[in-house]
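**Student:** need a 3D model of the sequence below.
(chains A and B)
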Amino acid sequence: MKSTSQEFSDEEVLQKLKANDTGTDDVIRFLYSTHFEKLSRYILMHKGSLEDARDLFQETIISFIHLTREGKFRRESSIGTFLFVLNKNLWLNEQRKRGRSQVREIRYEEEQPRDMDIGAVLEHRETTHKLRKIIQRLGENCEKILLLFYYENCSMKDLTDRLHYQNEQVTRNMKYKCLKKMEQLVQTDPFLFQQLKNLLHE
Amino acid sequence: MNEFLPEEDLLRYLDGEMDAQEKQEFERLLKEKPLLAEQLLNLRIAIKAVKQAGTLKQVERIHQEMMHELPPVSFVSGRRKLIRLSLSVAASLFLLLVLAGGWWFYQLSGQKVYNQYFIPYTVTPERGSDTAASIQKLYAAEAFLKIDSAVKTDSVYSSEDSLLVALSFLKIEKLAGAIEWLQALEHSPTSFRQDAAYYLGMAYLRAKRYKEALSQFEKIHRAPRHLYYDQVSAAFLRKLKFLTWK
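**Tutor:** Sure, this is the predicted structure:
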């Protein structure tokens, strides 16, 4: 278990999340240590279970990272406030989906940060759900190659060593095949394809 | 691979593996071949999907770690708080009642019940003989010891005198004597039988013979026409029952 007692200012959190360097894990752990309890209490206070609170917090962090990387969090509030409102809105939406009568006419937080785009958040959430399914279909090996290269920025040489391929050309071919597979899978879902396309142009 | 769509070049371009000249040449080609540009876009979208999935996987991994590491979140809802508070109050009240009941039971004694429920007998000459006898005069003067001295076992007494002798014995704590006289009077055909029944119960109570006292008073309680019916309340019987447990 990799525990962290490191503390980060809001500025450092944003810098590291945007850079997606080796310190990102510690920043995410810091967000969990600092905000999980407070946000979970809100869910528990509003008829959610502990499982709901955990799932929602994970969704909140994923959305927050995406919004930060896309420049949609413009620091018009503190990270704590933004996460709280994000978590709250995701829970309201979840309750609406579950058909809780008292929230049928959903009313999102009135005094929410101005940079909180609920529509974008909910679309992100939908994209995340669809991506989960696509990754499952991609296969473990392809997932590993693509994530190491495109997310963790491993070099072709590192990739070859870590995945025990014969040489870099074999790794390159394999990566290409996997990327094509990902391309095909994304194209099977028009909503996901459009969402990702929109994100590219933002 | 389609000869018009150099897919490997597409990937080299995307991965930043082309030198400046190659890149320039490829970008020119992109402008000329819309299909190639579309193919590039599709690959870019696939890479965007990988990056989004990367965030997802990273958070999921850390989430698993942190769920083991963070202390459990405990929360008591307002409703549960209210239930807990109500239960606490109820439990406190129950405990208080048990303690009060225990204290009451501890304090309960035959002497106290006797003093609380004993009805003093008033001499009524007209109910017995026409002339107020000496025993009645002594009883009225509360000279109970004198009655004790005056009583002779071989003499015959009127029913009321017998009752007064028994009550005098009760007053001076000659309980066995009082019970003997009252038992005899209760079973005799006189108008003082009901007085005898009541005071016999009282004598049993004073002698701490609680079960016999309870039985005696239950008989009276079951007979609404009994002269002492109103004196034997349910509360009185309840206290006697508790005394039988002591």
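**Student:** and residue 168, what does it touch?
**Tutor:** Just going to use chain A. Applying C-beta atoms under 8 Å, 6 or more residues apart in numbering or on different chains, we find A:E168 in contact with A:M156, A:K157, A:T160. From N, CA and C alone the C-beta is placed, and that goes for glycine too.
**Student:** if you could check chain B rather than the one you did, that'd help
**Tutor:** With C-beta under 8 Å, 6+ apart, B:S168 has these contacts: B:L138, B:Y139, B:F144, B:I147, B:D148.
**Student:** count the neighbours of the closest residue to chain B within chain A for me.
**Tutor:** Residue nearest to chain B within chain A (C-beta to the nearest C-beta): A:Y151, separated by 2.8 Å. Residues near A:Y151, counting by other C-beta atoms under 10 Å in any protein chain shown, number 19.
**Student:** among the contacts of B:S168, which two are most distant?
**Tutor:** Greatest spatial distance among the contacts of B:S168 (C-beta to C-beta): B:Y139 and B:D148, at 11.3 Å.
**Student:** who has more neighbours, these two?
**Tutor:** More neighbours surround B:Y139 than the other of B:Y139 and B:D148, with 25 against 16 (other C-beta under 10 Å).
**Student:** packing partners for the helix or strand where that one lies?
**Tutor:** Using DSSP states H and E, B:Y139 falls within helix B:134-140. Using 3 or more C-beta pairs under 8 Å, 6 or more residues apart in numbering or on different chains; DSSP states H and E, the elements in contact with helix B:134-140 are helix B:144-150, helix B:159-171.
**Student:** distance from the first one to the middle of the chain?
**Tutor:** Put simply, helix B:144-150 sits 52 Å off its chain's centre (C-alpha atoms, centre = their mean, to the nearest Å).
**Student:** list the buried residues of that helix.
**Tutor:** B:F144, B:K146, B:I147, B:D148 (16 or more other C-beta atoms under 10 Å in any protein chain shown).
**Student:** and the spatially most central residue of chain A, which of the three is it?
**Tutor:** Most central in chain A under C-alpha atoms, centre = their mean is A:I62, positioned 2.4 Å from the mean C-alpha point. Secondary structure, DSSP: H, G, I helix; E, B strand; the rest coil: A:I62 is helix.
**Student:** now it: closest residue in space that isn't a chain neighbour?
**Tutor:** Leaving aside its chain neighbours, A:I62 sits nearest to B:V59 (5.0 Å; criterion: C-beta to C-beta, 6 or more residues apart in numbering or on different chains).
**Student:** cool, and A:D158?
**Tutor:** Nearest to A:D158 is A:L148, by C-beta to C-beta, 6+ apart, at 7.6 Å.
**Student:** report the contact partners of that neighbour.
**Tutor:** When contacts are counted by C-beta under 8 Å, 6+ apart, A:L148 is found next to A:C154, A:D158, A:L159, A:R162, A:L163.
**Student:** got a quick PyMOL command for the buried subset of the contacts of A:E168?
**Tutor:** Those of these that count as buried under 16+ other C-beta under 10 Å are selected in PyMOL with:
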select buried, chain A and resi 156+160
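**Student:** interface residues of chain B facing chain A?
**Tutor:** Chain B comes close to chain A at residues B:7-8, B:11, B:41-60, B:62-63, B:65-73, B:75, B:77-78, as judged by C-beta under 8 Å from any C-beta of the partner chain.
**Student:** list the ones among those that fall in helices.
**Tutor:** Among the residues of chain B next to chain A, the members found in helices (DSSP state H) are B:7-8, B:11, B:41-60, B:62-63, B:65-69, B:78.
**Student:** just the buried residues of those residues.
**Tutor:** Among these, those scoring as buried are B:7, B:11, B:42-59, B:62-63, B:65-66 (criterion: 16+ other C-beta under 10 Å).
**Student:** before we move on, the earlier item: can you lay out the contacts of B:S168 as a markdown table showing distance to A:G99 and pLDDT?
**Tutor:** Shown next, in a markdown table, are the contacts of B:S168 (distance: C-beta to C-beta, whole Å; pLDDT from 0 to 100):
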| residue | distance to A:G99 | pLDDT |
| --- | --- | --- |
| B:L138 | 93 | 90 |
| B:Y139 | 88 | 90 |
| B:F144 | 88 | 91 |
| B:I147 | 91 | 91 |
| B:D148 | 91 | 90 |
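**Student:** quick one: which of those is nearest chain A?
**Tutor:** Taking these together and measuring to chain A by C-beta to the nearest C-beta, the closest member is B:F144, at 77.3 Å.
**Student:** the closest one and B:M202: what is the separation?
**Tutor:** Remark: distance between B:F144 and B:M202 (C-beta to C-beta, to the nearest Å) = 15 Å.
**Student:** who's in contact with A:K181?
**Tutor:** Taking C-beta under 8 Å, 6+ apart as the test, what A:K181 contacts is A:L138, A:G139, A:C142.
**Student:** secondary structure element for it?
**Tutor:** Using DSSP H and E, the element containing A:K181 is helix A:168-187.
**Student:** show me where chain A has strands.
**Tutor:** For chain A, no strands are identified by DSSP state E.
**Student:** name the residue most distant from the centre of it?
**Tutor:** In chain A, the residue that sits farthest from the middle, by C-alpha atoms, centre = their mean, is A:Q166; the gap is 33.8 Å.
**Student:** mind jotting down where the helices sit in chain A?
**Tutor:** According to DSSP H, chain A carries its helices in the segments A:10-19, A:24-45, A:50-69, A:79-97, A:118-138, A:140-146, A:156-163, A:168-187, A:190-201.
**Student:** buried deepest among these, which one?
**Tutor:** Of the helices of chain A, the one with the most neighbours on average (mean count of other C-beta atoms under 10 Å in any protein chain shown) is helix A:50-69, at a mean of 21.
**Student:** which single residue in chain B comes nearest to chain A?
**Tutor:** As assessed by C-beta to the nearest C-beta, chain A sits closest to B:G54 within chain B, at 2.8 Å.
**Student:** run through the residues that contact that residue.
**Tutor:** Contacts of B:G54 by C-beta under 8 Å, 6+ apart are A:L147, A:Y150, A:Y151, A:E152.
**Student:** now the buried members of the residues you listed.
**Tutor:** Neighbour counting with 16+ other C-beta under 10 Å marks A:L147, A:Y150, A:Y151 as buried within the contacts of B:G54.
**Student:** quick check: which ranges of chain A have low pLDDT?
**Tutor:** Flagging of chain A using pLDDT under 70 yields the residue ranges A:1-5, A:100-115, A:202.
**Student:** gap between B:S92 and B:S86?
**Tutor:** Distance of B:S92 to B:S86, given as C-beta to C-beta: 11 Å.
**Student:** again, but for B:V123
**Tutor:** 59 Å.
**Student:** may I have stretch B:214-221 as CSV, with CA atoms only?
**Tutor:** Extracted in CSV, the C-alpha atoms of stretch B:214-221 (Å, rounded to 0.1, in the frame of the first residue of the first chain):
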residue,chain,number,x,y,z
LEU,B,214,-53.7,-11.9,51.4
SER,B,215,-56.2,-14.8,51.2
GLN,B,216,-58.3,-13.2,53.9
PHE,B,217,-58.5,-9.9,52.2
GLU,B,218,-59.1,-11.4,48.7
LYS,B,219,-62.2,-13.1,50.1
ILE,B,220,-63.5,-9.7,51.3
HIS,B,221,-62.5,-8.1,47.9
